[in-house]
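Undergrad: Pasted the sequence and its predicted model underneath.
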Amino acid sequence: MEPQPNQFIGCDKPFGEAKAVLFGAPYDSTTSFRPGTRFGPAAMRAESFGIETYSMLQDRDLSEDASVFDSGDLELPFGAPDRALEMIESRAAEILDAGKVPFLLGGEHLVTLGSVRAVAKRHPDLRIVHFDAHADLREDYLGVKLSHACVLRRCHDILGDGRIFQFGIRSGTRDERRFMEDGHVTTELFSDTTLPDVLKKIGSAKPVYLTIDLDVVDPSEFPGTGTQEAGGLSYSRLVSDVLRVCRELNVVALDNVELSPALDPTGRSTALACKLLREELLALRR
């Protein structure tokens, strides 16, 4: 992997030296409401220079205390989800084979599936910790199984029961609610108060994939997303949760998805996404 001309601030270590690798999946062809998440990764890189590499929250600096390489965006075929997922899986596998942590930037939430496929092949005991406004557990959306509305159901197809843990969910169908209640996944509706118990249940040894749909944040703080849902977490609450996950669990891969920058002309959604990404990179145990 070669250095890119546009990188997220502080993520400029050579690939061979890096412990974590960013890669973008600018894809949103299954978006069910307002599109635009394909522009999320590029916007985050451009706007990252409005924040510092140093985190006052953690007293750590991306340039000095972390080792991250930004491999840039994949060039994905619009309208071909199968091929796009294959390409995402291939890039995640390449990063894993090099002994590094893949960090995927979306894009719509479907892109998570490609990365999870790669990680699950290397970590058969994988768990997923999922923050989102939406359950994403539909069997299909308008007859289509590869949709951002179905991504966690497709991940369940891979992992099976008892290995997906969801927080902040406040939107879904009755069938999705029944799927949760039947014990296939562990879901806390609306909030995150059970996170400490879930962290203890998973433990520090099992491999974990952390996926964050940024619409878990209340739209009063994060309006730049395609399907807003009132009643979300605050940024402060989310970053506190995410730091606990990254510090206490064995996070082997992660992603942030569903920033649609054009839907928030103030830029505050992109700024929030940039700051959250910085904090996650600094909190990883590796």
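TA: Yep, it's here.
Undergrad: Give me the below-cutoff pLDDT ranges for this protein.
TA: Along the chain, segments meeting pLDDT under 70 span 286.
Undergrad: could you show me where the strands are in it, in order?
TA: Using DSSP state E, the strands found in the chain span residues 20-25, 54-55, 60-61, 68-73, 101-106, 127-131, 164-169, 186-189, 207-213, 250-257.
Undergrad: To residue 36, which of these lies closest?
TA: Closest approach to residue 36 among the strands of the chain is made by strand 101-106 (11.5 Å; Cβ to Cβ). All C-beta atoms are positioned from the backbone trio N, CA, C, and that covers glycine.
Undergrad: and the residue lying closest to residue 10 once chain neighbours are set aside, what does it touch?
TA: Nearest residue to residue 10, sequence neighbours excluded (Cβ to Cβ, 6 or more residues apart in numbering): residue 62, at 2.9 Å. Listed by Cβ atoms under 8 Å, 6 or more residues apart in numbering, the contact set of residue 62 reads 9-11, 53-55, 68, 278, 281-282.
Undergrad: Mind putting these into TSV with neighbour count and distance to residue 93?
TA: What follows is the contacts of residue 62, written out as TSV (neighbours: other Cβ atoms under 10 Å; distance: Cβ to Cβ, whole Å):
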residue	neighbour count	distance to residue 93
9	20	27
10	23	25
11	26	20
53	20	29
54	17	33
55	20	30
68	26	19
278	28	26
281	25	21
282	22	25
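Undergrad: Can you flag which of the residues you listed belong to helices?
TA: Members of those lying in helices (criterion: DSSP state H): 278, 281-282.
Undergrad: got TSV for these, with distance to residue 263 too?
TA: Formatted as TSV, those follow (distance: Cβ to Cβ, whole Å):
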residue	distance to residue 263
278	22
281	25
282	28
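Undergrad: Tell me the spacing between residue 108 and residue 190.
TA: Look at residue 108 and residue 190: by Cβ to Cβ, to the nearest Å, they are 23 Å apart.
Undergrad: Who has more neighbours out of those two?
TA: Per other Cβ atoms under 10 Å, whichever of residue 108 and residue 190 has more neighbours is residue 108, with 29 against 13.
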